[in-house]
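Novice: quick one, fold the following:
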Amino acid sequence: MQHINRKSAPQVVKGRVQKKNNLNPSIDYYDAPLPGMVLVDRKRPGEGYKHVLNKSDIYQFLELLPDWKNLAVGLNAVVLAPGEWSSDGYHTPGVVHICAWEEGLWREMTGDHYRAHQDIFERLGIIGEETCDEYVLCKFDESAVRGYQLLHILLHELGHHHDLMTTRSQKRASRGEKYAEEYARMYEASIWQQYQKAFRL
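Specialist: Model (predicted):
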């Protein structure tokens, strides 16, 4: 085991010894609902990734959703999660996650995935260039990443939450990816104009 020297003595500020430990317990939004609020939490993005979204982007976007009060029922948190090579976001009961984006912003994806989302990519001004191996290089900038993560990834994961909350048991999102994708598509089209105004596109 490698030992790391850490500062252990409490700091003194203006003659007063500061408390060494954080005595306020951390909020566990995976375990219990938070009365009257949906928390937005930000984790470290991880090596090679960055968070394009910030907490205020999430709060501002959620205000655009026409039935947000109903959708917020049972939702404890939206988490800006570490980047993952194989995932843009994911849902666990009560919590939706949006994964950090690649630092270089541009992304190569399969032609099938690009074509399935081409309408939103074009709406956000994302240029796609086909490569010789049937992949498409998408030239995102930060504004396009923000739009894609809010208008598609977040809405998709909220679709899983809606699925969970509208099933009888409320224990699992039973209608799967197709339901979440259709939910995202319905919303992204209906709030596009409000999004443009709110985020000054």
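Novice: buried set for stretch 66-81?
Specialist: Judged by neighbour count (16 or more other CB atoms under 10 Å), stretch 66-81 contains these buried residues: 71-72, 75-81. No exception for glycine: its C-beta is placed from N, CA and C like everyone else's.
Novice: put the alpha carbons of that stretch into CSV.
Specialist: Written as CSV, here are the backbone C-alpha positions of stretch 66-81 (Å, rounded to 0.1, in the frame of the first residue of the first chain):
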residue,chain,number,x,y,z
PRO,A,66,-44.7,21.7,-19.7
ASP,A,67,-45.6,18.9,-17.2
TRP,A,68,-42.4,19.2,-15.0
LYS,A,69,-44.4,19.1,-11.7
ASN,A,70,-45.8,15.7,-12.6
LEU,A,71,-42.6,14.4,-14.1
ALA,A,72,-40.7,15.4,-11.0
VAL,A,73,-42.7,13.1,-8.8
GLY,A,74,-40.3,10.3,-7.6
LEU,A,75,-37.3,11.9,-9.1
ASN,A,76,-34.6,12.7,-6.5
ALA,A,77,-31.7,13.9,-8.6
VAL,A,78,-30.2,14.6,-11.9
VAL,A,79,-26.5,13.7,-11.8
LEU,A,80,-23.7,15.0,-14.1
ALA,A,81,-21.9,11.7,-14.0
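Novice: in CSV, list the buried residues of stretch 66-81 along with distance to residue 102 and pLDDT.
Specialist: Listed next are the buried residues of stretch 66-81 as CSV, based on distance: CB to CB, whole Å; pLDDT from 0 to 100:
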residue, distance to residue 102, pLDDT
71, 29, 84
72, 30, 85
75, 27, 90
76, 28, 91
77, 24, 93
78, 21, 95
79, 19, 96
80, 15, 97
81, 14, 96
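Novice: tell me the secondary structure of residue 90, please.
Specialist: strand (DSSP: H, G, I helix; E, B strand; the rest coil).
Novice: so who does it touch?
Specialist: Contact analysis of residue 90 by CB atoms under 8 Å, 6 or more residues apart in numbering lists 81, 96-97, 99, 157.
Novice: what bridges to the residue nearest the centre of the chain?
Specialist: Taking CA atoms, centre = their mean as the criterion, residue 98 is the residue nearest the geometric centre of the chain, at 2.3 Å. Per DSSP bridges, the residues bridged to residue 98 are residue 80, residue 89.
Novice: does it really touch residue 148, like I thought?
Specialist: No - Residue 98 is not in contact with residue 148 according to CB atoms under 8 Å; the separation is 10.4 Å.
Novice: between the two, what contacts are shared?
Specialist: Residues touching both residue 98 and residue 148 (CB under 8 Å, 6+ apart): none.
Novice: export the lengthiest helix in the chain as PDB, just CAs?
Specialist: In the chain, assigned by DSSP state H, the helix with the most residues is helix 176-190. Below are the C-alpha coordinates for helix 176-190, written out as PDB (Å, rounded to 0.1, in the frame of the first residue of the first chain):
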ATOM      1  CA  GLY A 176     -37.500  -0.100 -22.400                       C
ATOM      2  CA  GLU A 177     -35.500   1.900 -24.900                       C
ATOM      3  CA  LYS A 178     -38.200   2.400 -27.500                       C
ATOM      4  CA  TYR A 179     -40.500   4.100 -25.000                       C
ATOM      5  CA  ALA A 180     -37.600   6.400 -23.700                       C
ATOM      6  CA  GLU A 181     -36.600   7.300 -27.200                       C
ATOM      7  CA  GLU A 182     -40.100   8.100 -28.300                       C
ATOM      8  CA  TYR A 183     -40.600  10.200 -25.100                       C
ATOM      9  CA  ALA A 184     -37.400  12.200 -25.900                       C
ATOM     10  CA  ARG A 185     -38.500  12.700 -29.500                       C
ATOM     11  CA  MET A 186     -41.900  14.000 -28.500                       C
ATOM     12  CA  TYR A 187     -40.500  16.500 -26.100                       C
ATOM     13  CA  GLU A 188     -37.500  17.700 -28.100                       C
ATOM     14  CA  ALA A 189     -39.800  18.800 -31.000                       C
ATOM     15  CA  SER A 190     -42.400  20.400 -28.700                       C
END
